[in-house]
Structures are given as structure tokens and as C-alpha cells.
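**Q** Sequence and predicted structure, then a few things I'm wondering about:
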Amino acid sequence: MQVILLRIGIDMGSGGMHGPLFRDDSFEYLPIPDNFGDGKTGVDERTYGNTISRRGDPLISYFPERRRAKMCDKPMHFDPEFETFTYGDPVRRGPKRSLAKLAEGDMLVFYAGLKGFDFDSAAALHIIGYFEVTAAGFANEFSRDELNHLFANNFHVRHPAVFEEQKDRLILVKGGGGSRLLRKAARISVLGKDRAGKPLQKLSPEMQEIFGHFNGKTAIQRSTPRRVWPEFTECAADFLRGLT
């Protein structure tokens, strides 16, 4: 069994903000902007203005007021999606290629940067959901019927132009029963410093007891997949399945 941690969602580098965290630890998942094509227009019909949150508000309402007019009609890159539980990533090289090796029974755990919205809480990284994996691989390893049956709702598959451009390097992951978007976020980071003394989000000591210390490489600010060591996988899985 594998447990992989992966950062997703809007952040300061892609979208220019953190997702909203509320006083009761509930949250809203805000996808990153859709910049497919010319890097400005995107292709998805879902925007921050026309997509309603779980709390009943348009997602645009969580943006700073000064940015709402600019971002209201901006399409979103809705990936992962938690309706049919799919994730896609067009990977040319690097650690993310390991996601193609996920197998049935593995867990892909998603965490995101969240900041207090209706109360004062500094930005930190929180687990917001996970997949209990049933299938994974490169898109060209799946038949057309499998793509339509398993991944039709995924951003990279639902848009023909996107799929045609990316299919040869596109990794797809499908979550099955037990997969979910949490109701309440689970904080996993503390603010530390990098070698230059700059602020850096790191896996908290408490969470290191659950997920391990990654051989001392506890920085989790970037989106590089972090594989939980085998001796911690059962503990990590039990913790995740106990979240609400």
C-alpha cells in the first residue's frame, strides 16, 4: 500500500491567494485558474463567479474585494474533482510521474493552503480530501471506453483540445469508494524557515508522528508528491479515514 501527499488548489503562485478556512475548521476548495491555450482565456465553462460553494456562496465571494471584478469570469482548472473523484496531470518529467504507478488500494491525499476567512488564522497547509485509488496510469494506457467511463468528468478529458494536446503525457488517477472531500480541514503544517531564512511551510511534529519525517525533508510547501514510508502507511491511512 502507498500513501502519497500532493498539494492542490489555489495558492499565492497560482491564483494569488489562499483558500478560505472558517472558524469551525470547515473550508472551501478553490481550484487554480484555467490558463489553457493562450494563458489568459482558458476553456472551462465553470468560473469563480458562476460556481457555488458548499456554503451556498459564489466562489468569487472568497476573493479580496479588489480582485473580484477581474476574477469573476475567470475559468477554473477544476482538478482534482470530488464528484466522480478524478485527478489528471500532464507530466513531462520529474517526481509526479510516480503517480502513474499508483495501484488499487493506494491513497492519494490532497492538501491545500488555507487562511482564516471569518477569523484570524495565518495561512497554513491542510488536508482537504483523499482518493482511495481504484485505477491510475497514463491516458494512452486506457481504452476510449475506459476513459469515458472512468474519467469523463476530469478537466483534462472533458475538453477535447486539452486532451489531444496532453494525452501522451497525461497521468490520470481514479478514486473509488471511500474517497471524499472532507467537511473539516486537518492542519498538517507549521511555519519554519528554509536555508536562506525565508518562511517555509513544514510538516508539523505532530503530523510527522503520523506520516513520517521523509528523512528530514519535511518541507511541504511545493506540489511535489511526498510518498509516506511503508512503516507509516497503516498509521497514515487510519488517521485519514478517521477525519470528518
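**A** Ah, there it is.
**Q** I'd say residue 75 and residue 45 touch.
**A** Yes: Residue 75 is within contact range of residue 45, at 7.2 Å (criterion: CB atoms under 8 Å). The way it works is simple: take the backbone N, C-alpha and C, and place the C-beta from them, glycine included.
**Q** So between the two, which is more surrounded?
**A** Neighbours per residue (other CB atoms under 10 Å) separate residue 75 from residue 45, with residue 75 holding more: 21 against 12.
**Q** Just list the residues touching that one, thanks.
**A** Taking CB atoms under 8 Å, 6 or more residues apart in numbering, we find residue 75 in contact with 33, 34, 41, 42, 43, 44, 45, 46, 47.
**Q** do the same with residue 32
**A** 9, 10, 11, 14, 15, 76, 77.
**Q** Likewise for residue 79?
**A** Contacts of residue 79 by CB under 8 Å, 6+ apart are 8, 31, 86, 87, 88, 89, 154, 155, 156.
**Q** Dump the lengthiest helix in the chain to CSV, keeping only the CA atoms.
**A** The helix that spans the most residues within the chain, counting by DSSP state H, is helix 230-241. The C-alpha trace of helix 230-241 is given here as CSV (Å, rounded to 0.1, in the frame of the first residue of the first chain):
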residue,chain,number,x,y,z
PRO,A,230,6.0,1.9,4.4
GLU,A,231,6.3,1.8,8.1
PHE,A,232,3.9,4.8,8.4
THR,A,233,1.3,3.9,5.8
GLU,A,234,-1.1,2.0,8.0
CYS,A,235,-1.0,4.7,10.7
ALA,A,236,-1.5,7.4,8.0
ALA,A,237,-4.4,5.5,6.4
ASP,A,238,-6.1,5.1,9.8
PHE,A,239,-5.7,8.8,10.6
LEU,A,240,-7.1,9.8,7.2
ARG,A,241,-10.1,7.6,7.4
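**Q** Render the CA-only coordinates of stretch 30-40 in PDB, please.
**A** Coordinates of the C-alpha atoms in stretch 30-40 are reproduced here as PDB (Å, rounded to 0.1, in the frame of the first residue of the first chain):
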ATOM      1  CA  LEU A  30     -11.000  26.800  -4.700                       C
ATOM      2  CA  PRO A  31      -9.300  25.300  -7.800                       C
ATOM      3  CA  ILE A  32      -6.500  27.100  -9.600                       C
ATOM      4  CA  PRO A  33      -7.300  29.300 -12.600                       C
ATOM      5  CA  ASP A  34      -7.700  27.700 -16.000                       C
ATOM      6  CA  ASN A  35      -4.900  29.100 -18.200                       C
ATOM      7  CA  PHE A  36      -5.100  26.600 -21.100                       C
ATOM      8  CA  GLY A  37      -4.500  28.000 -24.500                       C
ATOM      9  CA  ASP A  38      -3.100  31.500 -24.700                       C
ATOM     10  CA  GLY A  39      -2.600  31.500 -20.900                       C
ATOM     11  CA  LYS A  40      -5.400  34.000 -20.400                       C
END
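**Q** Distance from that stretch to the middle of the chain?
**A** 15 Å (CA atoms, centre = their mean, to the nearest Å).
**Q** Quick check: buried residues in it?
**A** Neighbour counts over stretch 30-40 (16 or more other CB atoms under 10 Å) mark 30, 31, 32, 33, 34, 36 as buried.
**Q** Check stretch 222-230 too.
**A** Buried residues in stretch 222-230 (16+ other CB under 10 Å): 223, 225, 226, 228.
**Q** For the third one, list the residues it contacts.
**A** What it means is residue 226. Going by CB under 8 Å, 6+ apart, residue 226 touches 4, 5, 6, 211, 214, 220.
**Q** Mind doing that once more with 6 Å?
**A** residue 5 (CB atoms under 6 Å, 6 or more residues apart in numbering).
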